[in-house]
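Asker: quick one, fold the following:
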Amino acid sequence: MQRKVTKAVFPVAGLGTRFLPATKSVPKEIMTLVDRPLIQYAIDEARAAGIKEFIFVTSRGKSALEDYFDAAPELESALRRKGKDDLLKALEQTNMDSGAIAYIRQHQALGLGHAVWCARRLIGDEPFAVMLPDDVIAGEKPCLQQMVEAYEETGGCMVAAMEVPHEKASAYGILDVKEDMGQMVSVNGMVEKPKADEAPSNLAVIGRYILTPQVMHNLSKMRAGTGGEIQLTDAIAEEIEGGRDVYGYRFRGQRFDCGSKAGFLQATVAFGLARPELRDEFSDYLTELAATRSAAQ
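Answerer: Numbering: from 1, shown residues only. Just a heads-up that it's a prediction; the model follows:
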């Protein structure tokens, strides 16, 4: 029986340069998708998967991210006096139990693998999840929950995967598939950002991982990979070289790349239309906007 996955690492040390000037003073992870920051979507997904300990790898200038999960007694008292119970309930999701959340600084931007390695002492000898808040995934069952359920049957390492156009392979870590079992694939290897004509498949790694503690040992070797950075995919690929199982999991849901402006806007539209209280007015506006643009052309 596999050990339960109860710890998750959230690498949030990036500068968010694609969203400047907004990210000059606001951490990218606090930018709101409808009325919740990106990090809240990741936390909610982690909770649904049974995660109990949340480890944030941060950097200078991320204090707003830390404050977001702190208690706000004055705000709660004000809302309570005004009888705004619906807003009080919304705030409940932002509160974290004392000791459930930890913050670790990554002092140098040496890659995703290095960011994950920074959390090694808090992970110890347990399996753990890694979640990239830039990847927001909408689905009936949260993506990480799907993966945890599959992991309980397989063990090993597991990465979320989705098919991408071959010409976009250079933007992703790509799986070299050993055996395709439908929802799951066993993996021969992983290639970080290959050229389109050199990609072993069109199955790309997305920002959800379940990893064994051995991956931390692999990262400790500090081997620089693509771009001179410590790549997480290289540390996972080393597990395959050692004869240990690595799987790709085709999750059920729609992924939005909220690390890009276009992806963030697409997610805003999709999540806005999914909200019953916003759907009709927002849909009418989008229809009117499309008609106006069509007429202008």
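Asker: show me the shaky parts of the stretch 51-200 of the chain.
Answerer: Residue ranges of the stretch 51-200 of the chain with pLDDT under 70: none are present.
Asker: what are the ranges of the strands in it?
Answerer: Using DSSP state E, counting those that start in this stretch, the strands of the stretch 51-200 of the chain run over 53-58, 101-105, 128-131, 135-138, 157-163, 173-180, 184-192.
Asker: what sits against Met222?
Answerer: By CB atoms under 8 Å, 6 or more residues apart in numbering, the contact set of Met222 is His114, Ile230. Glycine gets a C-beta too; all of them are placed from N, C-alpha and C.
Asker: what do you get if the cut-off is 7 Å, keeping everything else the same?
Answerer: Each residue near Met222 by CB atoms under 7 Å, 6 or more residues apart in numbering is listed here: Ile230.
Asker: do you know how far it is from Leu232?
Answerer: For Met222, the distance to Leu232 equals 13 Å [CB to CB, to the nearest Å].
Asker: sorry, back to before: and the strands of the stretch 51-200 of the chain: which comes nearest Ser201?
Answerer: strand 173-180 (5.2 Å; CB to CB).
Asker: quick one on the thing from earlier: closest to Leu79 out of the strands of the stretch 51-200 of the chain?
Answerer: Judging those by CB to CB, what sits closest to Leu79 is strand 101-105, at 22.8 Å.
Asker: Leu278 and Gly272 touch, don't they?
Answerer: Yes - using CB atoms under 7 Å, Leu278 is in contact with Gly272, at 5.3 Å.
Asker: more neighbours: those two, which one.
Answerer: Neighbour totals were compared for Leu278 and Gly272, and Gly272 leads with 18 against 14 (other CB atoms under 10 Å).
Asker: tell me what Pro11 is bridged to.
Answerer: Beta-bridge pairing for Pro11 (DSSP bridges): Val57.
Asker: close enough to count as contact, it and Trp117?
Answerer: No - using CB under 7 Å, Pro11 is not in contact with Trp117; the gap is 10.2 Å.
Asker: show me where this structure has helices.
Answerer: 38-48, 63-68, 73-81, 85-92, 112-117, 120-123, 143-154, 214-219, 232-241, 261-273, 276-296 (DSSP state H).
Asker: return the most buried member of those helices.
Answerer: A comparison of the helices of the chain by mean neighbour count, using mean count of other CB atoms under 10 Å, puts helix 112-117 on top with a mean of 25.
Asker: counting by contacts, list what that one packs against.
Answerer: Counting contacts by 3 or more CB pairs under 7 Å, 6 or more residues apart in numbering; DSSP states H and E, helix 112-117 is packed against strand 7-11, helix 214-219, helix 232-241.
Asker: neighbouring contacts of it?
Answerer: By CB under 7 Å, 6+ apart, the list of residues contacting helix 112-117 from outside reads 9, 11, 13, 57, 106, 130, 216, 219-220, 230-232, 234-235.
Asker: out of the strands of the stretch 51-200 of the chain, which comes closest to Ala42?
Answerer: Across those, closest to Ala42 is strand 128-131 (CB to CB), at 5.1 Å.
Asker: for the closest one, which outside residues touch it?
Answerer: Residues contacting strand 128-131 (CB under 7 Å, 6+ apart): 5, 7-10, 42, 46, 51, 116, 144, 207-211.
Asker: pull out the buried members of those residues.
Answerer: Buried members of the contacts of strand 128-131, counted by 16 or more other CB atoms under 10 Å: 5, 7-10, 42, 46, 51, 116, 144, 207-211.
Asker: so the closest residue to Gly124 other than its chain neighbours versus Tyr151, what's the distance?
Answerer: If the residues on either side of it in the chain are set aside, Gly124 comes closest to Pro213, at 7.0 Å by CB to CB, 6 or more residues apart in numbering. Separation of Pro213 from Tyr151 (CB to CB): 14 Å.
Asker: try Lys89
Answerer: Distance, Lys89 to Tyr151, by CB to CB: 32 Å.
Asker: likewise for Tyr247?
Answerer: 8 Å.
Asker: so for the two, which residues contact both of them?
Answerer: With contacts taken as CB under 7 Å, 6+ apart, Tyr247 and Tyr151 have Met158 as neighbours in common.
Asker: got the phi and psi for the most centrally placed residue in the chain?
Answerer: For the chain, Leu132 is the residue whose C-alpha lies nearest the centre (CA atoms, centre = their mean; 2.5 Å). In terms of degrees, to the nearest 10, the main-chain angles of Leu132 are phi -100, psi 110.
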